[in-house]
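Engineer: Sequence and predicted model, in that order:
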Amino acid sequence: MGHLDHATFGWLTPVLSYAMACTGAALGLRCTVRALAATGTSRRNWLITAASAIGTGIWTMHFVAMLGFGVSGTEIRYDVPLTVLSLIVAMTVVCAGVFAVGYGKDRARALLLGGLTTGLGVASMHYLGMAAVRLHGRVTYDPALVALSVVIAVVAATAALWAALNIRSPAAVTVASLVMGAAVSSMHYTGMLAVRVRVTPSGDLLPGATAMQFIFPLAVGLGSYLFLTSAFVALSPTAGEREASASAQRPAENAAR
């Protein structure tokens, strides 16, 4: 049985992955708040941005954490198509959940359906990412811990969508994003605790790419997207600010006439 190390770089990868999860959650919540105050195409665009932010945050959290994953007695590589597929799954299921909340007429039903769909999708993303791992040996899982990680994913997703519907103030969004980041990280590390590896020493070259060759550049790119989009959203006026600006301009226009 190979010894598993989930933090080969010390606290760097856990802390950085948590920061990515929190950033994605905060951005997604802010975009959803904007979406619920908008209509038509504007609502759709804000919801797409929210889904991409949350999905990117979750995926980046997972694979930044995986940069610190090591198994004694074997190197680790990643199947590129499966890794990309896990990103697509994360984006798609989060988009489905956010749109269910954004357009659902029955909020309670939309919340439960969206939370279940998104939570199962997040769990699928995690285990697809784990299926992309290539090493000299056999990977198995503790069924009880796998089930617990799925439950955590569903609860975290439902809580995130509830927060998107009910939280408005920036301070509350910050607190909610910290809690959501902790929930997503808990799901990841619970799933990782379920992993068991039986190493089979071999000199054969493993297929796939190393974490530094593929995952690190992609994670940096997606992380940059999150921070740039956060800056854009922070600088964009809210619906209330636009309305106040328009109201302030009306008296000046009437006086000019």
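Structural biologist: Thanks, I have it. Numbers count the residues shown, from 1 in each chain.

Engineer: Return the residues in contact with the residue nearest the centre of the chain.
Structural biologist: The residue lying closest to the centre of the chain (C-alpha atoms, centre = their mean) is residue 58, at 1.9 Å. Residue 58 makes contacts with 21, 24, 90, 94, 122, 125, 184, as judged by C-beta atoms under 8 Å, 6 or more residues apart in numbering. (C-beta placed from N, C-alpha, C; glycine too.)

Engineer: Can you classify residue 129 as helix, strand or coil?
Structural biologist: Following DSSP: H, G, I helix; E, B strand; the rest coil, we place residue 129 in the helix state.

Engineer: Go ahead and confirm it touches residue 60.
Structural biologist: No. Look at residue 129 against residue 60 with C-beta atoms under 8 Å: they stay out of range, at 11.4 Å.

Engineer: So residue 93 is in contact with residue 121, correct?
Structural biologist: Yes. Assessed by C-beta under 8 Å, residue 93 is found in contact with residue 121 at 2.3 Å.

Engineer: could you pull out the helices for the stretch 101-250 of the chain?
Structural biologist: Along the stretch 101-250 of the chain, counting by DSSP state H, counting those that start in this stretch, helices occupy 107-131, 143-166, 170-193, 216-235, 239-256.

Engineer: Can you redo these as a markdown table, where the extra columns are mean pLDDT, distance to residue 7 and mean neighbour count?
Structural biologist: As requested, the helices of the stretch 101-250 of the chain are arranged in a markdown table below (pLDDT from 0 to 100; distance: least, C-beta to C-beta, whole Å; neighbours: other C-beta atoms under 10 Å):
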| stretch | mean pLDDT | distance to residue 7 | mean neighbour count |
| --- | --- | --- | --- |
| helix 107-131 | 85 | 17 | 20 |
| helix 143-166 | 87 | 18 | 20 |
| helix 170-193 | 85 | 10 | 19 |
| helix 216-235 | 78 | 16 | 14 |
| helix 239-256 | 51 | 43 | 10 |
